[in-house]
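Participant: Fold the following, please.
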Amino acid sequence: MFSQSDTLSTPVSEGNFIADKVRIAEGGPDDIVFYMAEDSQVIDNISRLIHLYGRAQIKYQDLTLDANYIRIDLTRDIAFALPYPDGDGELTGFPVFREGNQVYHADRIEYNFVTRKGLVDGAFTEQGDLNIHGRRTKFIGKEESTDASDFIIYQQDALFTTCDHPEPHFGIRSRRQKIIPGELAVIGPSNLEIAGVPTPLWLPFGFFPLAEGGQAGIIFPRDFEFSPRWGYGIREIGYYIPINDYLDAELNGSIYLRGSWALGANIRYNRRYKYNGSLNLNYSVFKEEAQESTDILTSQSFSIRLNHRQDNRAHPTRNFGGSVNIETNQFRSLNYNDYDNIFNNQLNSNLSFSQIFPGRPYRLNASFSHRQNTQTGRMDITFPNVNFQMNQIFPFKSQQRTGPEKWYEKISFRYNASYQNRFSSPDSLFLAPEFFESSRMGFRHGASTNAVFRVARYFNLTPSVEYNETWYVKTLERRFEEDLDIRVDTVYNADSSEFNIVRDTLSFGRIVDMDRRGFENFRTYRASINLNTQIFGIAHFRRGPLRGIRHVVKPSIGLSYAPDYTRDRLGYFEELPIINAQGKRDTIRYSPFQDGIFGGPPTGGAQMLMNYSIGNNLEAKLFSRRDSTTRNVNLLSNINVSGSYDFNRDSLNWSMVNISGTTRLFNNISTVSIGAMYDFYALDEQGRRVDKFYWSEEGRPLRFVQANVRISSSLTIGQLIELIPFGSSEESENGSSVLDLIRGLSINHQINIVNNPQFETGWEINSHFISLRGSVPLSDNWNLNFTNIDYNFSQKRMTYPDFGISRDLHCWTMSLNWQPRRGTYQFTISVKPGSLDFINVPYRKSRVDGFTGL
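Facilitator: Model (predicted):
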């Protein structure tokens, strides 16, 4: 029981507290009970009661009780906490009970310090993201424990919700509950309420994990939908498994009453300072009835997605990471309707391992790569792809050189080796025997040496020699199978009285490609010498916004030589006897290496080329009167003119002259890319190049062949507003609210213009489109969402509109997304993400349903 010294009730001034303590008597609480009040304390020694008024508080071990009125019964070791009327008669200072990190708000609290039991009316507490409202609550704690987690809470008529409104907009109401704080809440038969109105939806029982971290449990379906072709269905119902602190998994499935189904698994892992990633596996089987028969059509597809990232701090010399994205039979198009999944036809994967060797010039890389076109179904997988590289070394450089550097010390050496294996097949045959039979593997290694010498102070002379050797264990072998293919036609005269039999030979045979197994190799050599320099032109201006121009010209000229690999003695090419289309004996040449993963030797004979190029960069220095500063701006970047001259050709030695370049405009918002081709030679009447210079025919040095200009722009409405003033200041103020709504929208515009002499109009637009993405907040709660709104000016139509509207309903969200091109939509009213986000009302029309109606 309590024991205390005699004390009078003591009034206090506003803002001050009086704190006291009750000493422990035998059989009473295990520790000192501290109490205080802002207004007054009244101690009734006859009734053994303590009355605390005005922001009263009791502290006992890790328990704290706050209220505007608290009464302590020293005889029964019980504290009562209630609100107290203010000057206007309204109840204020409702009780707040704190035990460790658990907080409970209530209308009335009764707590026994000895038995650690309590009764609460109108309790409210937060457990994770769950808000629990209970009409009647009973606390039971272990007498020897002061840990809040040892409490067990029993409630009557409680509402579980994630809505934080004083009057929740929805919840699951249950007659009886048992709660272990920080661990688990178990409820009996319960009913879903919306705005205080019971619904026909009942649950026989329920479990709500309250512990921090993942808890195993059921994942409620993402959608309940009806498809006229698939029937009623449940999408992505599953089970969550927290395997350990670093690894968890989700297993899910979908099923439709007409036989379609899908399975999926998502595994995530994360080790701090080491690595993180995820693996997503999906397999779907969709069945539907054929339109013109009763046959059942089955479409099977699967998807593999892997993402792995190694932390930079995990290992100083070794790294492993990348992504894998493989699917078959248009998995994304079949299962999703959004723009990105429909129009992204290219899938790519790259998973790589790299190792460097400290103190040595070596580097090892191994990778898995994948390319796939979902429209054509073509899939190329390269695995393994192993590359060993020795960085540039200077074997003749002296370690303790005294005096000028010797010419031979500038000679460098490099070595690299690569092994690759590639599979190519339709994605429908992925992992089938035909897929593995398509394997093409090879090994290539090579060495190169070069040196850079300074010539005449301003020129760099770079001679180089390169050697490569390629090995294959499977090469190409061709055979000609004679097979006479004759078409016989019967030709009648006008009155059908006579006829002639006409025989037309279509083919005398066919060429059959086969695999020839066995080790074979070929070697290639190449030597070159290159001379380059840089020329700078600078102009300064003292006045005006333009304060300077800098022009950098980078001319380069080089010679390269490669021998003739078509010579018979090398054995790199073979001759195949055939019968040509005229029925005569003939031969064709081919290389057994031409289909290899590294290709075959060059087929054009010996090469003796002179290559030339002229690079240009033009910069300007601009002065700003606003802050008296200057900044550099690139006017033209990488304007390059290049071509070559082949000494070994008997005619048409000069190649086309190629011109290319880029520049950026409007603070890098727009990128302009240009390209053009010119020719030294003229054309004949049939439009073929002839060995006559255009200068001798037309008096001009170069003949225009074609040109193209591509302008790509990407900006937000906010950036556009900053670039273009909209009306006067008054108009801007009136329209600022509207402009602010759309500031976040992003605009992408691209136009490609081509000029070809064959075009009647000269310049023609090859492609031209504009797209819009983003979200427009129509109000605090309404949003207009543009996943993709685009327009193709060439085709004069929208490509694939994908947009929607959403409404924030405090603790709910409502959304409608529509893809009119496909005739699909998704309508959902759902609880915001949290413990109760399985409560939703979805309705969708899927891809297979087309325009069959709602």
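Participant: just checking, what packs against the helix or strand containing Glu619?
Facilitator: According to DSSP states H and E, Glu619 maps onto strand 607-624. For strand 607-624, the packing partners by 3 or more CB pairs under 8 Å, 6 or more residues apart in numbering; DSSP states H and E come out as strand 546-562, strand 629-646. Using the backbone N, CA and C atoms, a C-beta is placed for each residue, glycine as well.
Participant: Now do the same contact list for the closest residue in space to Asn68 that isn't next to it in sequence.
Facilitator: Closest residue in space to Asn68, ignoring its immediate chain neighbours: Gly93 at 2.5 Å, by CB to CB, 6 or more residues apart in numbering. Contacts for Gly93 (CB atoms under 8 Å, 6 or more residues apart in numbering) come out as 54-55, 66-69, 83-84.
Participant: For Ser301, find the nearest of the helices and strands packed on strand 607-624.
Facilitator: strand 629-646 (43.5 Å; CB to CB).
Participant: roughly how far out does stretch 247-256 sit from the chain middle?
Facilitator: Here stretch 247-256 is found 21 Å from its chain centre; the criterion is CA atoms, centre = their mean, to the nearest Å.
Participant: Buried residues, it. List them.
Facilitator: Buried residues in stretch 247-256, counted by 16 or more other CB atoms under 10 Å: 248-256.
Participant: now stretch 428-438
Facilitator: Residues of stretch 428-438 classed as buried by neighbour count (16+ other CB under 10 Å): 429-430, 435, 438.
Participant: do the same with stretch 613-630
Facilitator: Those would be 613-621, 623, for stretch 613-630 by 16+ other CB under 10 Å.
Participant: And for stretch 251-270?
Facilitator: Across stretch 251-270, burial judged by 16+ other CB under 10 Å covers 251-256, 258, 260, 262-264, 266-269.
Participant: Report the rounded mean pLDDT for that stretch.
Facilitator: Mean pLDDT, computed over stretch 251-270, is 92.
Participant: now stretch 466-476
Facilitator: For stretch 466-476, the mean pLDDT works out to 95.
Participant: cool, stretch 634-641 as well?
Facilitator: Stretch 634-641 comes out with an average pLDDT of 87.
Participant: Can you name the residues in contact with that stretch?
Facilitator: With contact meaning CB under 8 Å, 6+ apart, stretch 634-641 is reached by 613-620, 657-664.
Participant: Can I get stretch 229-249 in CSV? Just the C-alpha atoms.
Facilitator: The C-alpha coordinates for stretch 229-249 follow below in CSV (Å, rounded to 0.1, in the frame of the first residue of the first chain):
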residue,chain,number,x,y,z
ARG,A,229,-13.0,-14.0,-72.6
TRP,A,230,-11.2,-15.2,-69.4
GLY,A,231,-14.2,-15.0,-67.0
TYR,A,232,-14.1,-14.0,-63.4
GLY,A,233,-10.6,-13.8,-61.9
ILE,A,234,-8.4,-13.0,-59.0
ARG,A,235,-5.1,-11.3,-59.8
GLU,A,236,-1.9,-11.6,-57.8
ILE,A,237,-3.1,-13.2,-54.6
GLY,A,238,0.0,-14.5,-52.7
TYR,A,239,2.0,-15.1,-49.6
TYR,A,240,4.9,-13.1,-48.1
ILE,A,241,7.8,-14.9,-46.6
PRO,A,242,10.5,-13.0,-44.6
ILE,A,243,13.3,-15.5,-44.8
ASN,A,244,15.8,-13.5,-42.7
ASP,A,245,17.0,-10.0,-42.1
TYR,A,246,18.6,-9.8,-45.6
LEU,A,247,16.2,-11.9,-47.7
ASP,A,248,12.5,-12.1,-48.3
ALA,A,249,10.2,-13.5,-51.0
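Participant: what's next to it, contact-wise?
Facilitator: Taking CB under 8 Å, 6+ apart as the rule, stretch 229-249 contacts 213-227, 250-258, 260, 264-271, 286-289, 846, 848-849.
Participant: rerun at 7 Å
Facilitator: Here stretch 229-249 makes contact (CB atoms under 7 Å, 6 or more residues apart in numbering) with 213-227, 250-258, 260, 265-271, 286, 288, 848-849.
Participant: Number of residues surrounding the closest residue in space to Arg116 that isn't next to it in sequence?
Facilitator: In space, and not counting its chain neighbours, Arg116 is closest to Gly141: 3.8 Å by CB to CB, 6+ apart. Gly141: 22 surrounding residues under other CB atoms under 10 Å.
Participant: ok, now how distant is Gly141 from Asp568?
Facilitator: According to CB to CB, to the nearest Å, Gly141 stands 97 Å off from Asp568.
Participant: same check, this time on Trp654
Facilitator: Going from Trp654 to Asp568 by CB to CB gives 31 Å.
Participant: Looking at the two, which has the bigger crowd around it?
Facilitator: More crowded of Trp654 and Asp568, by other CB under 10 Å: Trp654, with 15 against 9.
Participant: so who does that one touch?
Facilitator: Applying CB under 7 Å, 6+ apart, we find Trp654 in contact with 643, 645, 680.
Participant: contacting residues for the second one?
Facilitator: By CB under 7 Å, 6+ apart, the contact set of Tyr645 is 609-610, 653-654.
Participant: hmm, 8 Å instead?
Facilitator: Tyr645 makes contact with 609-610, 653-655, according to CB under 8 Å, 6+ apart.
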